[in-house]
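**Q** predicted structure and sequence below. I'll ask about it afterward.
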Amino acid sequence: MATQAYHDDGIIFYVPETGEPEEHPYWRVFMRIAVTADRMEETRHPAAEHIAFAAFYDEDDQMLGVQMPDPVLADGSPREEVLLGLRTILSEEEIGDLMVQFSQGKRQVEAGELTENTNN
């Protein structure tokens with residue numbers, strides 16, 4: 001079981017826990033979402049309308065994934081305007097877990113433990 005997040009040029013694609021083993025190769029996740037998505041909703045928080053989120057749902061209204069701006073600055077601190085939008089889509093628990101993961105990852109990149117182009 002795995003929560004997955006993919007980073008590309010300042011954009012995150014977050015795939016919530018599914019209860020299934022992690023899919024390999026990683027692009028199978030995108031193919032599964034493309035095939036099973038029933039709708040996509042764009043969301044913006046009124047206090048940060050310049051930041052858009054795209055949430056993908058299946059026919060049972062189960063969230064399949066969320067495209068969002070990177071919610072963490074290079075130093076590991078949160079981007080408050082992104083958190084506002086996330087709160088319209090995800091639970092506080094999910095947001096907290098994501099922030100911990102992303103902050104740790106940014107600190108590891110900053111410390112040279114990971115490179116920005118790894119799949120770690």
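**A** Now that the structure is in, tell me what you want to look at. Residues are numbered from 1 along each chain as shown.
**Q** for Val29, which non-adjacent residue is spatially closest?
**A** Among residues not flanking Val29 along the chain, Glu23 sits closest, at 5.1 Å (CB to CB, 6 or more residues apart in numbering). Bear in mind the C-beta positions are built from the backbone N, C-alpha and C, glycine included.
**Q** check which residues of the longest strand seen in the chain are buried.
**A** When every strand of the chain is counted residue by residue (DSSP state E), the longest turns out to be strand 48-57. Neighbour-count burial for strand 48-57 flags Ala48, Ile51, Phe53, Ala55, Phe56, Tyr57 (criterion: 16 or more other CB atoms under 10 Å).
**Q** shouldn't the last one be in contact with Arg39?
**A** What that stands for is Tyr57. Yes: between Tyr57 and Arg39 there is a contact under CB atoms under 8 Å: 5.4 Å.
**Q** quick one: distance of the helix with the most length in the chain to the chain centre.
**A** With secondary structure taken from DSSP state H, the chain has its longest helix at helix 92-110. In terms of CA atoms, centre = their mean, to the nearest Å, the centre of helix 92-110 is found 11 Å from the chain centre.
**Q** other residues contacting it?
**A** Taking CB atoms under 8 Å, 6 or more residues apart in numbering as the criterion, the residues outside helix 92-110 that touch it are 3, 5, 12, 14, 16, 70-78, 83, 86-87, 90, 114-116, 120.
**Q** pull out the buried residues from that helix.
**A** Quick answer for helix 92-110 (16+ other CB under 10 Å): Glu94, Ile95, Leu98, Met99, Phe102, Ser103, Gly105, Lys106, Val109.
**Q** hang on, the earlier thing: which of the contacts of helix 92-110 count as buried?
**A** The neighbour count (16+ other CB under 10 Å) marks 5, 12, 14, 16, 70-72, 76, 78, 83, 86, 90, 114 as buried among the contacts of helix 92-110.
**Q** determine which two of these are furthest apart.
**A** Leu90 and Leu114 (24.4 Å; CB to CB).
**Q** thought Met68 was touching Gly10?
**A** No: using CB under 8 Å, Met68 is not in contact with Gly10, being 10.2 Å away.
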